[in-house]
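Visitor: Make a model of this:
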Amino acid sequence: MISFQQNSKGAFCYIVEQPQDFATSCTLSGYYRLQQHAELFFDAHGAKYQKELLLKRRFGKWQKLLSYVYWGKVPFESIWHQLGSYSLPELKSQIDVCIQADDDVLTQFIEADHLQKLVSQARHFEDVYMVLCGAIYNFEDDDSLEE
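Guide: Here you go, the predicted model:
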């Protein structure tokens, strides 16, 4: 599954490899930030999802204020909503936005132009997933970089 988020700092994406990789807690400020800028999730089967976060407890005004100082993380539960299916060009478009806004995360081992070229050549989700994994984890030994 590939996740995309856009916020005031720009656009970014990340790969979720296992269901247990989804967070079940975050800081209260992180919770409110995620509520304002919902993530989009694209899976390998062509479905697009969004998740709604619900706090597992209620906070009063003072508790909210104190939570920024005293509580590191607050638990939440996720409710998944399927938004329908997506097309491969839509997925590539989301990735292109992230590459353009990238700050040396996706492009730390590969130039942005080359990464965009590889993504544009992808024929299905698995190709896109493989390109992103290579860009994020280690692209330095990839022979396709030699032009």
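Visitor: Next, count neighbours for residue 74.
Guide: Other residues near residue 74 come to 17 when the count uses other C-beta atoms under 10 Å. Heads up, the C-betas are built off the backbone N, CA and C, glycines and all.
Visitor: now residue 127
Guide: Using other C-beta under 10 Å, residue 127 is surrounded by 14 other residues.
Visitor: Relative to residue 77, how far out is it?
Guide: According to C-beta to C-beta, to the nearest Å, residue 127 stands 34 Å off from residue 77.
Visitor: ok, now residue 40?
Guide: Distance of residue 40 to residue 77, given as C-beta to C-beta: 19 Å.
Visitor: the more surrounded of the two?
Guide: residue 40 (19 against 11).
Visitor: Backbone torsions only: list them for that one.
Guide: Per-residue torsions, residue 40: phi -110, psi 140 (degrees, to the nearest 10).
Visitor: Surely it and residue 49 touch.
Guide: Yes: contact status for residue 40 versus residue 49: in contact at 7.4 Å, counting by C-beta atoms under 8 Å.
Visitor: Which neighbours do these two have in common?
Guide: Common contact partners of residue 40 and residue 49 (C-beta atoms under 8 Å, 6 or more residues apart in numbering): residue 83.
Visitor: Many thanks, I have nothing further to ask.
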